[in-house]
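**Student:** This is a predicted model, with the sequence first.
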Amino acid sequence: TVGDIPLADALMAPTRIYVKNLLQLAREVDVRALSHITGGGLPENIPRVLPDGMIAAIDTDSWKLPPVFQWLKDAGGVATEEMYRTFNCGVGMVVCVPANQRELALDTLNALGEKVWQIGVIEAADDTASSASVRYAPGLLSV
């Protein structure tokens, strides 16, 4: 078992469908980008929605790795970076909104029954000529 469920059930859990709640969010908030975290995980999916010269600074302390992913990491000896590249690690969708609409977005999605949190910020890359990317910054949001 992983957590409170049998391993087979955890591995076969269906993909969440977010479309109805995201359409509602888009009616209330200025959604700038959406990134469904599927194959390719965080580092391959988020950069697809960012302009060149911008990066997503992801606070890896902002969520806890779900038990099934912790089991895969431990049992398989999978490096953390490879986990983020291969699996969603508990982050199914990333929604980018202006900073001044963050609370409205969080409140709206919570009211719709989604489990939401701020995962990071979008910022200028150190080298403006570089392509969009992801930077992992544990504790980024707690300072």
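**Tutor:** Perfect, thanks for sending it.

**Student:** Stretch 30-39 spans what distance, first to last residue?
**Tutor:** 27 Å (CA to CA, to the nearest Å).

**Student:** should've said stretch 2-14
**Tutor:** For stretch 2-14, the first-to-last residue distance is 16 Å (CA to CA).

**Student:** show me where the protein has strands.
**Tutor:** Using DSSP state E, the strands of the chain run over 33-36, 54-58, 93-96, 120-124, 133-136.

**Student:** what residues does the fourth one touch?
**Tutor:** Residues lying outside strand 120-124 but in contact with it, judged by CB atoms under 8 Å, 6 or more residues apart in numbering, are 50, 53-59, 62, 96, 99, 137, 140-141. Where C-beta positions appear, they are placed from N, C-alpha and C, glycine not excepted.

**Student:** how much does it deviate in direction from strand 54-58?
**Tutor:** In terms of direction (axes from the mean of the first three to the mean of the last three CA atoms, to 10 degrees), strand 120-124 departs from strand 54-58 by 150 degrees.

**Student:** Tell me the buried residues in strand 120-124?
**Tutor:** 120, 121, 122 (16 or more other CB atoms under 10 Å).

**Student:** Likewise for the last one?
**Tutor:** Buried residues in strand 133-136, counted by 16+ other CB under 10 Å: 134, 136.

**Student:** so what secondary structure elements neighbour that strand?
**Tutor:** Applying 3 or more CB pairs under 8 Å, 6 or more residues apart in numbering; DSSP states H and E, we find strand 133-136 packed against helix 41-45, strand 54-58.

**Student:** can you check the first one too?
**Tutor:** Counting contacts by 3+ CB pairs under 8 Å, 6+ apart, strand 33-36 is packed against strand 93-96.
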